[in-house]
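> pasted the sequence and its predicted model underneath.
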Amino acid sequence: MKKTFNIAGSCHPNEHYMLPTQERCQGVLQLIEQKQYFVIHAARQSGKTTLLLELARQLIE
């Protein structure tokens, strides 16, 4: 399947063009390990849901 640009909902790397989320998760993972609070705040369609889904996947593994 050809990749497309997603403008609604979370992105899936095998279906959509997207920036890698691993680099963005690093700081958040450290905060979780330290049992600290954090806020995900950004403009619409900037990758908040995709980031949280990737974070959840990393925590489950």
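Here it is on my side, so go on. Residues are numbered from 1 along each chain as shown.

> centre-most residue in this structure?
The centroid of the chain falls nearest to Leu51 when counting by C-alpha atoms, centre = their mean (1.2 Å).

> my guess is it meets Ile40, correct?
Yes - with contacts counted by C-beta atoms under 8 Å, Leu51 reaches Ile40, the gap being 6.6 Å. From N, CA and C alone the C-beta is placed, and that goes for glycine too.

> packing partners for the helix or strand containing the residue nearest to the centre of the chain?
For Leu51, the element it lies in under DSSP states H and E is helix 48-60. Under the contact definition 3 or more C-beta pairs under 8 Å, 6 or more residues apart in numbering; DSSP states H and E, helix 48-60 sits against helix 22-33.

> helices and strands around the helix it packs on, which ones?
If contacts are counted by 3+ C-beta pairs under 8 Å, 6+ apart, helix 22-33 sits against helix 48-60.

> what stretches of the chain score poorly on pLDDT?
In the predicted model, the chain carries pLDDT under 70 at residues 21-22, 24-25.

> try 80
Counting by pLDDT under 80, the chain has low-confidence residues at 1, 9, 19-26, 45.

> if we can go back for a sec, okay, the angle between the helix holding Leu51 and helix 22-33?
60 degrees (axes from the mean of the first three to the mean of the last three C-alpha atoms, to 10 degrees).

> next one: the residue nearest to the centre of the chain from Lys3, what distance?
19 Å (C-beta to C-beta, to the nearest Å).

> cool, Ala56 as well?
Separation of Ala56 from Lys3 (C-beta to C-beta): 23 Å.

> can you check Val39 too?
From Val39 to Lys3 the distance is 31 Å (C-beta to C-beta).

> higher neighbour count, those two?
The neighbour comparison of Val39 against Lys3 (other C-beta atoms under 10 Å) goes to Lys3, with 12 against 5.

> count of neighbours near the nearest residue to that one once chain neighbours are set aside?
Excluding the flanking residues, the one nearest Lys3 by C-beta to C-beta, 6 or more residues apart in numbering is Tyr17, at 5.3 Å. Around Tyr17 there are 10 other residues, counting by other C-beta under 10 Å.
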